[in-house]
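Trainee: I'll drop the sequence and a predicted model, then ask my questions.
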Amino acid sequence: AQTVTQSQPEMSVQEAETVTLSCTYDTSESNYYLFWYKQPPSRQMILVIRQEAYKQQNATENRFSVNFQKAAKSFSLKISDSQLGDTAMYFCAFLIQGAQKLVFGQGTRLTINP
Amino acid sequence: GAVVSQHPSWVICKSGTSVKIECRSLDFQATTMFWYRQFPKQSLMLMATSNEGSKATYEQGVEKDKFLINHASLTLSTLTVTSAHPEDSSFYICSATGQGLLEQYFGPGTRLTVT
């Protein structure tokens, strides 16, 4: 069975700082996708970034980038120039290619302080 | 991007009654929909997966007679909580995906309070 582990239950940084959220996963599959979702206080789940396992290049979306280490089964999210609106729960998620179910991590509560 | 709506966003019902939550895909055909439950400060727990026109597949430990799921069209899935009890109070989230889509698109969630 696939598992996703987020070892940081809570993090807090000052506005404009850079923060990295960690995620590790366990699978025997070779073809899969990894996601970071954001859940702000409104509780609407928002996709932040996606990484295909077959791609060596790390995905980037504006201030959000990932460090994907396939051999280590690690998928961390870096938020640069953090903003107050980045305050949210962040969930790492895993999807086997061809499967339907997302496997979520426990989440990291990120607070950006002014 | 793909949009998923949920209705109602918030509902209070009395213990023993049933309540129905709707999940709609607004701009794509949702071949597969998912229902999650989320407790405060916790992750999403998948309850069931439904493919259009088929019976839902429930996760282990989820009572299918209590949580009735119908996915009769490519744009609508419903979750009915039957004979609700206070312990069913929670935040329920649906998501949907479709042909050629990789990601799941999430609805805004429904807060259910059973008194």
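Mentor: Thanks, I have the structure now. Residues are numbered from 1 along each chain as shown, chains lettered A, B, ... in the order given.

Trainee: only C-alpha atoms for contact and neighbour calcs from this point on.
Mentor: Will do.

Trainee: Would you enumerate the residues in contact with residue B:90?
Mentor: Applying CA atoms under 8 Å, 6 or more residues apart in numbering or on different chains, one finds that residue B:90 lies in contact with B:37, B:38, B:39, B:111, B:112, B:113.

Trainee: Okay, and the beta partners of it?
Mentor: In this structure, residue B:90 bridges to residue B:112 when assessed by DSSP bridges.

Trainee: okay, it: pLDDT?
Mentor: Per-residue pLDDT puts residue B:90 at 97.

Trainee: For it, give its distance to residue B:10.
Mentor: Taking CA to CA, to the nearest Å as the measure, residue B:90 falls 10 Å from residue B:10.

Trainee: Give me the common contacts of the two.
Mentor: Common contacts of residue B:90 and residue B:10 (CA under 8 Å, 6+ apart): B:111, B:112.

Trainee: Which single residue of chain B ends up nearest chain A?
Mentor: Closest contact between chain B and chain A, by CA to the nearest CA, is at residue B:108 (4.7 Å).

Trainee: Please, where are all the strands along chain A?
Mentor: Remark: strands assigned in chain A by DSSP state E are A:3-5, A:10-14, A:19-21, A:24-26, A:32-39, A:46-52, A:60-61, A:64-69, A:74-79, A:88-96, A:103-104, A:108-113.

Trainee: Sorry, wrong one. I was asking about chain B.
Mentor: Remark: strands assigned in chain B by DSSP E are B:4-7, B:10-13, B:19-25, B:32-38, B:44-51, B:57-58, B:67-73, B:76-81, B:90-97, B:105-106, B:110-114.

Trainee: and of the ones you listed, who's closest to residue A:13?
Mentor: The minimum distance between residue A:13 and those falls on strand B:44-51, with 24.9 Å, by CA to CA.

Trainee: With residue B:49 as the reference, measure out to the residue of chain A found nearest chain B.
Mentor: Chain A approaches chain B most closely through residue A:44 (4.7 Å), counting by CA to the nearest CA. Distance, residue A:44 to residue B:49, by CA to CA: 19 Å.

Trainee: With neighbour numbers in mind, choose between those two.
Mentor: Between residue A:44 and residue B:49, counted using other CA atoms under 10 Å in any protein chain shown, residue B:49 has the larger neighbour count: 22 against 15.

Trainee: nearest residue to that one other than its sequence neighbours?
Mentor: Distance criterion CA to CA, 6 or more residues apart in numbering or on different chains; nearest residue to residue B:49, sequence neighbours excluded, is residue B:34 at 4.6 Å.

Trainee: State the number of residues packed around the one you found.
Mentor: Using other CA under 10 Å, residue B:34 has 27 neighbouring residues.
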